[in-house]
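Q: Sequence first, then the predicted structure, then my questions.
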Amino acid sequence: ENAGGSQSGGSSTFSTEKAANNPPTEPSSPSPYNNAVDVPTSGTLSWKSTDPEGSRVAYELHLGTSTNPSIYDMGNGTSCQYSGLKEGTTYYWYVISSDGNENIQGPTWHFTTLKTDKPSVTISTIGTPNDNSVEIKGFVNANGKDATCYFKYGTTTNYGSKTLDKMVYASSGKTEVSAK
């Protein structure tokens, strides 16, 4: 192969030109879609971008909370795993696709992550049963809203009984709860 060169010999002369390179297609069809809401705080970002000559397409993904986000990841293909995003936050992202010769930047897209405003519960300990009783301890985070909590219990998965309700106030943050 003598791309971009020439060869002489005998009575024949020929020249070859290096084939023109076309850049990859501009990144498009984002997932999550632009302006999406209630996006999970971890998952996959994906887009479409191909190379007209069939070369492998590499990416440089920019992701962050500013309109000019910093580099989040680099790799090959048209998708990237993300995690650790904050709830109820708007994120901006764009992709630069490269075929190794030319780069093309896509538009800046944005999405807002899901804000969990439901109370969350963590069971911290379940004591050893004795005298037909057991102590259960846990934590309730009301996530900014007043909440009522209780424990269900019983000898089957249908439970059958529950403790008295306990109020957990929005301002109390993470609150320890227990029942015996």
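A: Happy to help now that I have it.
Q: how close does residue 30 sit to residue 73?
A: Applying CB to CB, to the nearest Å, the value for residue 30 to residue 73 is 15 Å. Every C-beta, even on glycine, is put in place using the N, C-alpha and C of the backbone.
Q: okay, these two: which has more neighbours?
A: The residue with more neighbours, out of residue 30 and residue 73, is residue 30; 20 against 13, by other CB atoms under 10 Å.
Q: if I read this right, the more buried one contacts residue 47, doesn't it?
A: Yes - the pair residue 30 / residue 47 is scored as a contact, 5.1 Å apart, by CB atoms under 8 Å.
Q: what touches both of the two?
A: Counting by CB atoms under 8 Å, 6 or more residues apart in numbering, residue 30 and residue 47 have no shared contacts at all.
Q: which helices and strands does the longest strand seen in the chain pack with?
A: Ordering each strand of the chain by length in residues (DSSP state E) puts strand 90-98 first. For strand 90-98, the packing partners by 3 or more CB pairs under 8 Å, 6 or more residues apart in numbering; DSSP states H and E come out as strand 58-64, strand 103-105, strand 109-113.
Q: The closest residue in space to residue 159 that isn't next to it in sequence: neighbour count?
A: Distances taken as CB to CB, 6 or more residues apart in numbering put residue 152 closest to residue 159, at 4.1 Å, once the chain neighbours are dropped. Neighbours of residue 152 under the rule other CB under 10 Å: 11.
Q: what about residue 152, distance to residue 119?
A: 15 Å.
Q: Then residue 34?
A: Applying CB to CB to residue 34 and residue 119 gives a distance of 32 Å.
Q: Could you check which of those two is surrounded by more residues?
A: For residue 34 versus residue 119, the count of surrounding residues by other CB under 10 Å is larger for residue 119: 18 against 13.
Q: Could you list which residues are in contact with the more buried one?
A: Contacts for residue 119 (CB under 8 Å, 6+ apart) come out as 140, 141, 142, 143, 145, 147, 149, 168.
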